[in-house]
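*Asks:* next come a sequence and a model predicted from it.
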Amino acid sequence: MEKPHDTGKLSLTGSALKWIAILSMFIDHTGAFLIEPYLLNHGIEIGSIFGGTSLSADSPYSVLFQIDIASRLIGRLAFPIFAFLLVEGFIHTRNLNRYIFQIGFFALLSEIPFDLAHAGTFLESSHQNIFFTLFIGLLCISFFDKLKGTYVSKWFILLIALVLSDFFNVDYSMVGLLTLFIFYYFHDDPILRNILNGSLFLLNLTAVFSLFLIQFYNGKRGKQIKLFFYIFYPAHLVLFYLIRNLPWFT
C-alpha cells in the first residue's frame, strides 16, 4: 500500500476523491449532453464551442457558450481520479473476480443510457461509455499482474488492451488505458507516475490538475455509499436524455 503523503491539513479519502470525480463528471456531462445539443439546435457548430471563432460576444448564446467551455474544462478532472481509484480498488479488493464482473456488468448496463445521451439512439457502436475503458484497463492490469510468463509476454497484455481500447473506441481510448496502467505500474513511485500521466493529461488541458488532488489521498477508503456511482452513472445519462427531449428544450 502506498504511504500517505504529508500534505499538511488537507487530506482526502478515496470516498472524497470519488465525490469530486462524480461532481466533475456531472458538470462535464451537463455541457456535453445538454448545453452543446441546445447550442447545436440553434445553429452553433460543435467546433466553435472549443475554438470560439464563430460566436460573437454579443450573441444571445454567448453566456451558454462560456458555461459550456467551463463545464468541459472542469470535467477533465474526473477520469484520472476514477482511473486512480480503480487501481486502488484492484490493489485492495478481497474478491478480484467480483470486482471485474461488477465493472463489466455496469459497462453493459450503461451502454444504452450512454448511447441515448451521446447520440440519441438506443444502440450506437461508434463510441463506448467510460465503464468499458475501466473494464478493459482492469482486465489488463489483472492479467499483467498474474501472468507468470516472460517479461515480453506481460507487456503484450498491455498492447492487446491498447488495441482493444482503440478498436472499440472506448472513452479516452488509448490515453485512458495508458493513464490507468501508469497508475498501476508506478503505484509506489508517485513522482514518476505524475510526470508520465502529467504528460498524457496535457492533451486534455485541465486534467493535469487532478494529479494535485490525488496527491492529497491519505490511503483511506472513507465512508462508502455502495453502488451509488454505478447507479448514478447510467441514471444521470438517462435524465439528460429525457431533459433534452422536453418540448421547451428546443
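*Replies:* On my side now, so go ahead.
*Asks:* and the biggest helix by length in the chain, C-alpha only, in PDB?
*Replies:* Using DSSP state H, we find that the single longest helix of the chain is helix 96-119. What follows is helix 96-119, C-alpha atoms only, in PDB (Å, rounded to 0.1, in the frame of the first residue of the first chain):
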ATOM      1  CA  LEU A  96     -11.000  -9.600  -7.800                       C
ATOM      2  CA  ASN A  97     -13.400 -11.700  -9.900                       C
ATOM      3  CA  ARG A  98     -16.400 -10.000  -8.300                       C
ATOM      4  CA  TYR A  99     -14.800  -6.600  -8.900                       C
ATOM      5  CA  ILE A 100     -14.100  -7.400 -12.600                       C
ATOM      6  CA  PHE A 101     -17.700  -8.700 -13.000                       C
ATOM      7  CA  GLN A 102     -19.100  -5.600 -11.400                       C
ATOM      8  CA  ILE A 103     -17.300  -3.200 -13.700                       C
ATOM      9  CA  GLY A 104     -18.100  -5.300 -16.700                       C
ATOM     10  CA  PHE A 105     -21.800  -5.600 -15.800                       C
ATOM     11  CA  PHE A 106     -22.200  -1.800 -15.400                       C
ATOM     12  CA  ALA A 107     -20.300  -1.300 -18.600                       C
ATOM     13  CA  LEU A 108     -23.100  -3.200 -20.400                       C
ATOM     14  CA  LEU A 109     -25.900  -1.700 -18.300                       C
ATOM     15  CA  SER A 110     -24.700   1.800 -19.000                       C
ATOM     16  CA  GLU A 111     -24.200   1.500 -22.800                       C
ATOM     17  CA  ILE A 112     -27.900   2.200 -23.800                       C
ATOM     18  CA  PRO A 113     -28.100   5.200 -21.400                       C
ATOM     19  CA  PHE A 114     -24.800   6.400 -22.800                       C
ATOM     20  CA  ASP A 115     -25.900   6.000 -26.400                       C
ATOM     21  CA  LEU A 116     -29.200   7.800 -25.600                       C
ATOM     22  CA  ALA A 117     -27.300  10.800 -24.100                       C
ATOM     23  CA  HIS A 118     -24.500  10.800 -26.600                       C
ATOM     24  CA  ALA A 119     -26.200  10.000 -29.900                       C
END
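*Asks:* low-confidence bits of the protein, can you list those?
*Replies:* 1-9, 46-57, 148-150, 203 (pLDDT under 70).
*Asks:* please redo it, this time with the cut-off set to 80
*Replies:* 1-9, 43-59, 61, 148-153, 203-205, 224-226, 250 (pLDDT under 80).
*Asks:* follow-up on the earlier one: report the buried residues of the longest helix of the chain.
*Replies:* 99-100, 102-104, 106-107, 109-118 (16 or more other Cβ atoms under 10 Å). For the C-beta atoms, the positions are set from N, CA and C on the backbone; glycine is no exception.
*Asks:* contacting residues around the residue most central in space within the chain?
*Replies:* Nearest to the mean C-alpha position of the chain, counting by Cα atoms, centre = their mean, stands F79 at 2.8 Å. Applying Cβ atoms under 8 Å, 6 or more residues apart in numbering to F79 gives the contacts A21, I130, T133, D171, Y172, G176, T179, N204, A207, S210.
*Asks:* just checking, what packs against the longest helix of the chain?
*Replies:* helix 78-92, helix 130-146, helix 228-244 (3 or more Cβ pairs under 8 Å, 6 or more residues apart in numbering; DSSP states H and E).
*Asks:* for the second one, packing partners?
*Replies:* The reference is to helix 130-146. Where contact means 3+ Cβ pairs under 8 Å, 6+ apart, helix 130-146 is packed against helix 78-92, helix 96-119, helix 151-167, helix 173-185.
*Asks:* of these, which approaches E45 most closely?
*Replies:* helix 96-119 (17.1 Å; Cβ to Cβ).
*Asks:* hmm, who's touching the closest one?
*Replies:* With Cβ under 8 Å, 6+ apart as the test, helix 96-119 has contacts from 29, 32-33, 86, 89-90, 93, 121-124, 126-129, 131-132, 134-135, 138-139, 142, 230, 233-235, 237-238, 240-241, 244.
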